[in-house]
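Enquirer: Make a model of this:
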Amino acid sequence: MRLMALLMLTLVLSSCSLLQPARPVTVRVGVLPILDVLPVYVAEAQGYFPKNIKVEIIPVASAAERDQLMVAGQLDVIINDLISVTLYNRDKPQVLVVRTARTATPSFPQFYILASPKSDIREVKDLRGVEIGISEATIVQYVTEKLLLAEGLKPEEIKGIPVPRIPDRMAALASGDLKAATLPDPLALLAIQQGARLILDDSRHPQYSLSVYSFRKAFVQENPEAVRAFLGAIEKAIKDINSDKARWAGLLVDKKLVPPALTGSYTIPDFPSASVPGKEQWEDVVKWALEKGLISSPLPYEESIKAEYLPR
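Expert: Below is the predicted model:
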């Protein structure tokens, strides 16, 4: 009996050690001021990262700055999207998607197509031929086109106009210079609060909207246990967030993840449990990127997305 207990203890300790790298590892995380990164801050605040992992959270102001640092090898992991991943990996695999960060749900949309309060647009059919403000060659353009196609518009009826900066898109929508625009949560809710009209969101087609944790491939190859330990901490943080959302209202404000005008009224969405994007989702993104000329050849799912680092 005593021998059996000792054996069980050894197995438990062994399983715990598998989640921690044998040597200290620094993980540099590039974070935009977006809600998707909240689990990283919660994991840090709760002390969930193992002691032999030093996590450096590096704020970045824009996706362009994030990508420059990642390409220069100054970041190890970022929260981005599948369109971004295809661009990283178009010549050779440079990043690996190891977890879904956030996705739209029936209760919590991630992207909204809004109409200007100064337009006469009331429903989806009114968007035929209307220039919609988007960020070109990004997840915003992809989701906009996919949602409108799913709601019955024909490809030739969908018109996008590039307005890369979100503040510019919001201002043009409010002034009427843009009749319609696609905006992400929670800024879309702020635009609605200021008078924009909701025409369509991704709650009925959540398969198109998601963000992901992408590690540098070289980092994963050199530090697989650090990746597993990092994701183990993220998993704990997500359980905390989903079980008590009001608890993190102060952190949202401190890290400027929601506009001040929404403080007190914004509800944190459900974050997904351990998972990676499906093969069908990836192949749809790759097909779209090929059609747009963003990449020149198909990218195999297995070379860009790995589920093996998720917590068991």
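Enquirer: now the helices for the stretch 201-312 of the chain?
Expert: Ranges of helices in the stretch 201-312 of the chain, per DSSP state H, counting those that start in this stretch, are 217-222, 224-243, 249-254, 279-291, 301-304.
Enquirer: Touching stretch 55-62 from outside, list them.
Expert: Applying Cβ atoms under 8 Å, 6 or more residues apart in numbering, the contact partners of stretch 55-62 are 26-33, 40-41, 43-44, 49, 66, 69, 74-75, 230. No exception for glycine: its C-beta is placed from N, CA and C like everyone else's.
Enquirer: Can you flag the buried ones in the residues you listed?
Expert: 27-32, 40-41, 43-44, 49, 66, 69, 75, 230 (16 or more other Cβ atoms under 10 Å).
Enquirer: Which ones among those residues lie within helices?
Expert: In helices, judged by DSSP state H, the following of the buried ones among the contacts of stretch 55-62 are found: Val40, Tyr41, Ala43, Glu44, Arg66, Leu69, Phe230.
Enquirer: Now do the same contact list for the spatially most central residue of the chain.
Expert: Compute the mean C-alpha point of the chain, and by Cα atoms, centre = their mean the closest residue is Ser211, 2.2 Å away. By Cβ under 8 Å, 6+ apart, the residues touching Ser211 are Asp36, Ile79, Asn80, Asp81, Thr100, Ala101, Arg102, Thr103.
Enquirer: Leaving out chain neighbours, which residue sits closest to Lys38?
Expert: Actually, residue 38 is Leu rather than Lys. Of all residues not flanking Leu38 in the chain, Leu257 sits nearest, at 6.1 Å (Cβ to Cβ, 6 or more residues apart in numbering).
Enquirer: The one you found: neighbour count?
Expert: 21 (other Cβ atoms under 10 Å).
Enquirer: With Asp185 instead?
Expert: Using other Cβ under 10 Å: Asp185 sits among 23 other residues.
Enquirer: One more: the one 3 residues further on?
Expert: The burial metric for Ala188, expressed as a neighbour count using other Cβ under 10 Å, is 24.
Enquirer: my guess is it meets Phe111, correct?
Expert: Yes - contact criterion Cβ atoms under 8 Å: Ala188 and Phe111 qualify, at 7.4 Å.
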